[in-house]
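Engineer: Below are the sequence and a predicted model; questions follow.
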Amino acid sequence: MFRIDQVVLARGRTRAAASIVAFGLLLGAFTGAAGAVETPEFPRGSAPFGVSYLRHARHYSRWLFVTPAATNPLADPANCDLRDVGSLRFLPPPTGAGQSNTCTVDSSVGLVVVPAGAIAWPDPGEPYDAQAILAEARANFADLKQFVVTVDGVAVRHLRRDFEFRSVVGTNVPDDNLFDLPAGYRPLAFDTIAVVLRPLSPGHHEIVTSVTYRSDGSTLDLTTDLNVVA
């Protein structure tokens with residue numbers, strides 16, 4: 001799961017827990033409950049901006065894994081150094097309780113939001129087994145419940161049913177990565193909730209993401225004050 005204290009404790013081990021913390025055609029800007037569209041998110045099964053939901057989840061998981069430690073959103077979600085991926089931006093995930101940040105985006109872009117998830121990788125020098133590391137990620141994800149994503153008070157519904165994605169991807173890890181891994185190519189398994197939000201109308205919007213852990217009942221939450229400019 002992507003709780004940063006757990007990430008630090010899990011460095012050098014196969015299982016990494018960190019609160020990841022939490023991608024079609026442009027269908028219009030979401031303006032709230034009275035807006036022109038019914039929900040703030042692109043529906044599951046769609047291809048927001050011409051890319052499948054699973055690929056968006058892969059891109060987001062790579063972003064968390066390969067971003068240098070100094071700017072990694074798992075270490076500091078208040079950084080709000082948004083990943084620029086064409087018509088999309090990645091919002092940081094929650095990694096603690098009562099967090100907040102302020103971000104600015106253009107009204108033409110969509111937002112990839114992840115309230116929580118789990119990632120896993122093989123220990124350096126160990127044989128690569130895709131199913132084994134995916135099982136590690138799934139085991140960590142099982143400790144998560146009560147996922148929340150809201151946009152201006154409007155909730156994205158059925159997060160676990162419709163927006164859970166898992167896969168194994170390969171990526172190049174930099175020297176100064178958050179997980180103290182040797183630099184180079186490394187497989188990464190993820191099991192995560194990923195939602196692609198529609199572009200928002202100009203002005204201020206509030207996005208809230210949160211997750212609760214089964215094991216200890218703790219909750220991680222992040223409130224983003226989003227300034228959307230034309």
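Structural biologist: Everything's here; your move.

Engineer: Look up how far residue 87 lies from the nearest residue to residue 99 once chain neighbours are set aside.
Structural biologist: For residue 99, ignoring the flanking residues on the chain, the nearest one in space by C-beta to C-beta, 6 or more residues apart in numbering is residue 222 at 4.4 Å. Bear in mind the C-beta positions are built from the backbone N, C-alpha and C, glycine included. Residue 222 is 23 Å from residue 87, where distance means C-beta to C-beta, to the nearest Å.

Engineer: So for those two, which sits in the more crowded spot?
Structural biologist: residue 222 (28 against 17; other C-beta atoms under 10 Å).

Engineer: where does that one fall, phi/psi-wise?
Structural biologist: phi -140, psi 130 (degrees, to the nearest 10).

Engineer: Then residue 189?
Structural biologist: phi -100, psi 140.

Engineer: That one contacts residue 166, correct?
Structural biologist: Yes. Using C-beta atoms under 8 Å, residue 189 is in contact with residue 166, at 7.4 Å.

Engineer: Identify the contacts common to those two.
Structural biologist: Taking C-beta atoms under 8 Å, 6 or more residues apart in numbering as the contact rule, residue 189 and residue 166 both touch 134, 137.

Engineer: okay, the two: which has more neighbours?
Structural biologist: Shown here are residue 189 and residue 166; by other C-beta under 10 Å, residue 189 has more neighbours (27 against 17).

Engineer: show me what contacts the more buried one?
Structural biologist: 119, 120, 121, 130, 133, 134, 136, 137, 166, 167, 168 are the contacts of residue 189 under C-beta under 8 Å, 6+ apart.

Engineer: Neighbours of the last one, how many?
Structural biologist: With neighbours defined by other C-beta under 10 Å, the count for residue 168 comes to 18.

Engineer: Just to be sure, it is in a helix?
Structural biologist: No. Assessed with DSSP: H, G, I helix; E, B strand; the rest coil, residue 168 is strand; it does not lie in a helix.
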